[in-house]
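[1] Can you look at this prediction? I've put the sequence above it.
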Amino acid sequence: MDKQHLLIGLKNSEETAFKKLFDIYYPRVKSFLISSNLKNDLDDILQETFISIWKNRTQINLEKSFDSYIFTIAKNYALKNLRKQIISEIRSSEIEIDDTSVPLDSIMDIGIYEEKIKSSVNNLPPQSRAVFQMKRNEGMSTNQIAQKMGIAPKTVENYMNRALTLLKKELEHLAWLILIYFF
């Protein structure tokens, strides 16, 4: 049975179609999360992803890419989980800071880190920087950016991926701050 028939079956609440899609996509989504370094609480994220697919099965658009749909759901659950973990770590470090009676401003000046992030964004190659700023600061979609710049949407995605890769490499020591700042 091909994927399109399985998706139709899923929309019609056929458990066997869901099971077959699960068997196809579970290892792929798991590999995607691991390769993206989003593997904290991997089993929970995978479970939430497939629960979400089942709960929203009737709204699945058969005209759009199911691959993009499922990987986006998995990524969003992973990022949500990561944010919770970071917030928890920040809160626990705030407790430790309060316990030592050291003024917070002597430990960390967020402005310095914000400047480092802005500087790193400004050091991106011009096209990648433009795409990054339109996507993050102006909230434009990939298609809107492609139209504005007169390039293909795939080229926009390539510029965005390059920007994120370069920023990740340059700012890896500020990872928790970057997540809070950009997400």
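    Thanks, I have the structure now. None of the values given here were measured: they were computed from a predicted structure.
[2] rest of the way, CA atoms for contacts and neighbours
    Noted.
[3] Show the low-confidence segments of this protein, by residue range.
    The chain contains residues with pLDDT under 70 at 1, 38-40, 88-114, 171-183.
[4] again, only using 50
    95-108, 181, 183 (pLDDT under 50).
[5] Nearest to the middle of it, which residue? Look it up for me.
    residue 75 (4.9 Å; CA atoms, centre = their mean).
[6] Show me what counts as buried in the helix or strand encompassing residue 9.
    Assigned by DSSP states H and E, residue 9 belongs to helix 3-11. Of all the residues in helix 3-11, those buried under the rule 16 or more other CA atoms under 10 Å are 6, 7, 8, 9, 10, 11.
[7] Pull the most distant pair out of the residues you listed.
    The distance between the two most remote of the buried residues of helix 3-11 (CA to CA) is 8.6 Å, for 6 and 11.
[8] out of the buried residues of helix 3-11, which one sits closest to residue 124?
    For the buried residues of helix 3-11, the nearest to residue 124 is residue 7 (40.7 Å; CA to CA).
[9] That closest one and residue 17 touch, don't they?
    Yes. With contact defined as CA atoms under 8 Å, residue 7 counts as touching residue 17 (7.2 Å).
[10] any idea how far residue 64 is from residue 78?
    Note on residue 78: its distance to residue 64, by CA to CA, to the nearest Å, is 22 Å.
[11] and residue 13, which of the three is it?
    Here residue 13 is recorded as coil under DSSP: H, G, I helix; E, B strand; the rest coil.
[12] Count the neighbours of the residue lying closest to it once chain neighbours are set aside for me.
    Among residues not flanking residue 13 along the chain, residue 57 sits closest, at 7.3 Å (CA to CA, 6 or more residues apart in numbering). Residues near residue 57, counting by other CA atoms under 10 Å, number 18.
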